[in-house]
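Asks: Sharing a model prediction with you, sequence too.
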Amino acid sequence: MDKIIIEGGNPLKGTVKISGAKNAALPAIAACLLTGGWHHLDNVPHLKDIVTIKSIMSKLGVAFRDKKGSLEVNSDNLNSYETPYELVKTMRASILLLGPLLARYGKARISLPGGCAIGARPINLHLKALSAMGVEMFLDQGYINAQADRLKGADIFFDTPTVTGTENIMMAAVTARGQTTLRNAAREPEIQDLINLLRSMGADIKGDGTDTIVINGIESLRPARHTIIPDRIEAGTFMIAATITRGDIEIESCRPQHLGALIEKLESAGAAIKTMGECISIKGPDTIESVDIRTTPFPGFPTDLQAQFMSLMCIAKGWSMIRETVFENRFIHVSELKRMGADIEINGSQALVKGKERLLPAPVMATDLRASASLILAGLAAEGGKTEVHRIYHLDRGYEFLEKKFKNLGATIWREKE
Ligand code: EPU
């Protein structure tokens, strides 16, 4: 297992280029199951989660061709409908294969993803929607066995907006008989990216950017060419990194319109931010002001940036209230930040952060992707020694070349074997 070591204190300077979005690439790759022929996806990031979904789909008989940043996918020779537990347990997003497998073959046997460090993360809303579309399901040996002759359109209301739930049902609906309406659907940019890809395949979808998506099922789709959107969470992580180190950086290949909530909060914290086309420049202030945040589905403040923003508030002037409303257990970074001298009090879904003058270097460890990123940011700010971040395989699931990118921005950071 690797660890990352950081000697903090250097203000970040220079330019960083953002990679393709993990959470857009995963459903895009899954969508290639919907029809045969070679699909061509550009801007696919090199990440552990991408390797995992490819391994699972290879077991189903899907062929892949990797070409420098692009991925070609072909599901002409599918020979299995079963996703193995050994792989699914390492990545919950495997549930994204359920919708497309049912749409194309009318059956699927998918290992049920278990709980995860940040919450129970049920998939009841995916299953309820599929059941409304005529799918029969039963559980056996931890696998969902699902079957339908041909999916039928339905009117579906999600109790709460679910990102992968919306994606799964959109993929199930594109070739279903009749019309499917998704109400209270998630509106994350990754949903729009999937809509664009499905449209390139020929799908009939309306409701872009809204919480009501209407899909008219069509008989057949065609292979598509599509470029994955830039990763807004990676871009946001670099914006917070610039602010926490009082640096001055340019972030290229990103979509500022996907980062509105974070930009507003960082400006309130004192950062000077300029956006131009696909570029953001950001300069951290001498004094970081305290700001309250509350995570909500898009366009609100993203839960996937809550941990990183908390690291910033640890060295802000005054008190900050951080409310997590999306996942019930997403404060696992708090006890590690406290080991670095942070003053944080948790009360249910709220964390009260009392800003300190500095964070102190320490060995730390995290059990989820974004929590690990928050510890890297804390390490970049902590002066006077080494911060060691253990179990960084979580980072490799979702950040492409992270320490290399930070090194290029002037950070003293490297990776070692444990
Ligand atoms: N929920 C249910 N029932 C369901 C589905 C969701 O109760 O059937 C609840 C969840 O428990 C949660 C809320 O709805 O409280 C929202 O969960 P959602 O389904 O939107 O999360 P997800 O689709 O499992 C995706 C991202 C996460 C990101 C969340 C929220 C992917 C592959 N994952 O997860 O990304 O945090 O949306 O934006 O797109 C990450 O990248 O680190 C990550 C965890």
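Replies: On my side now, so go ahead.

Asks: what separates residue 208 from residue 224, distance-wise?
Replies: Distance, residue 208 to residue 224, using CB to CB, to the nearest Å: 17 Å. Where C-beta positions appear, they are placed from N, C-alpha and C, glycine not excepted.

Asks: These two: which has the busier surroundings?
Replies: residue 224 (23 against 12; other CB atoms under 10 Å).

Asks: how about that one, what does it touch?
Replies: Neighbour list for residue 224: 39-40, 197, 200-201 [criterion: CB atoms under 8 Å, 6 or more residues apart in numbering].

Asks: before we move on, what about residue 181?
Replies: Taking CB under 8 Å, 6+ apart as the test, what residue 181 contacts is 154-156, 212-215.

Asks: try it again with 10 Å
Replies: Residues near residue 181 by CB atoms under 10 Å, 6 or more residues apart in numbering: 153-157, 173, 206-207, 212-215.

Asks: ditto for residue 399
Replies: Each residue near residue 399 by CB under 10 Å, 6+ apart is listed here: 19, 22, 45, 47-48, 231, 233-234, 237, 369-370, 372-373, 376, 392, 405-406.

Asks: Show me how this structure divides into domains.
Replies: The record's domain parsing of the chain by automatic domain parsing lists 2-19+230-417, 22-227.

Asks: wait, which of these is closest to the ligand?
Replies: Evaluated with CB to the nearest ligand atom, the domains of the chain place domain 22-227 nearest to the ligand, the distance being 3.2 Å.

Asks: Check the average confidence over that closest one, would you?
Replies: Summarised as a single mean, pLDDT over domain 22-227 is 94.

Asks: before we move on, what about stretch 403-414?
Replies: For stretch 403-414, mean pLDDT rounds to 97.

Asks: Near the ligand, which residues of the stretch 1-150 of the chain are found?
Replies: Neighbours of the ligand within the stretch 1-150 of the chain, by CB under 6 Å from any ligand atom: 23, 26, 93, 119, 121-126.

Asks: what about 5 Å?
Replies: Contact residues, the stretch 1-150 of the chain versus the ligand (CB under 5 Å from any ligand atom): 23, 93, 121-125.

Asks: do the stretch 151-300 of the chain as well
Replies: Contacts of the stretch 151-300 of the chain with the ligand, taken as CB under 5 Å from any ligand atom, map to 160, 162-165.

Asks: Buried ones among the residues you listed?
Replies: Taking 16 or more other CB atoms under 10 Å as the criterion, what is buried in these is 162-165.

Asks: ok, of these, which one's closest to residue 282?
Replies: The closest of those to residue 282 turns out to be residue 163 (CB to CB; 26.2 Å).

Asks: Quick one: neighbours of the closest residue to the closest one other than its chain neighbours, just the number.
Replies: Distances taken as CB to CB, 6 or more residues apart in numbering place residue 186 nearest to residue 163, at 4.6 Å, with adjacent residues excluded. Residue 186: 20 surrounding residues under other CB under 10 Å.

Asks: Residue 186 contacts residue 195, doesn't it?
Replies: No - the criterion here is CB atoms under 10 Å, and residue 186 misses it with residue 195 at 11.5 Å.

Asks: list the residues that contact both of the two?
Replies: With CB under 10 Å, 6+ apart, residue 186 and residue 195 have common neighbours 166-167, 213.

Asks: Pull the contacting residues for residue 103.
Replies: 31, 33-35, 133, 148, 150-151, 168, 171-176, 217, 221.

Asks: Which ChimeraX command selects the buried ones in those?
Replies: This is the ChimeraX syntax for the buried subset of the contacts of residue 103, where burial follows 16+ other CB under 10 Å:
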select :31,33,34,35,133,148,151,168,171,172,173,174,175,176,217,221
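
Asks: Secondary structure class of the residue nearest to residue 163, three-state.
Replies: coil (DSSP: H, G, I helix; E, B strand; the rest coil).

Asks: residues in contact with it?
Replies: 158, 160-167, 211, 213, 297-298.

Asks: Between these, which sits nearest residue 348?
Replies: Nearest to residue 348, judged by CB to CB, of these is residue 160 at 18.1 Å.

Asks: which residues in the stretch 251-400 of the chain form helices?
Replies: 260-268, 306-313, 334-339, 369-381, 393-398 (DSSP state H, counting those that start in this stretch).

Asks: Which of the contacts of residue 103 fall within helices?
Replies: Of those, the ones assigned to helices by DSSP state H are 31, 168, 171-173.

Asks: Please identify which of those residues is nearest to residue 111.
Replies: Comparing the ones in helices among the contacts of residue 103 against residue 111 with CB to CB places residue 168 closest, at 15.1 Å.

Asks: ok, that closest one to residue 150 distance?
Replies: 17 Å.

Asks: In contact with the residue nearest the centre of the chain, which residues are there?
Replies: Centroid check for the chain by CA atoms, centre = their mean gives residue 23 as the closest residue, at 4.2 Å. Shown in contact with residue 23 (CB under 10 Å, 6+ apart): 49, 93, 163-164, 167, 188-191, 193, 228-229, 231-233, 304, 398.
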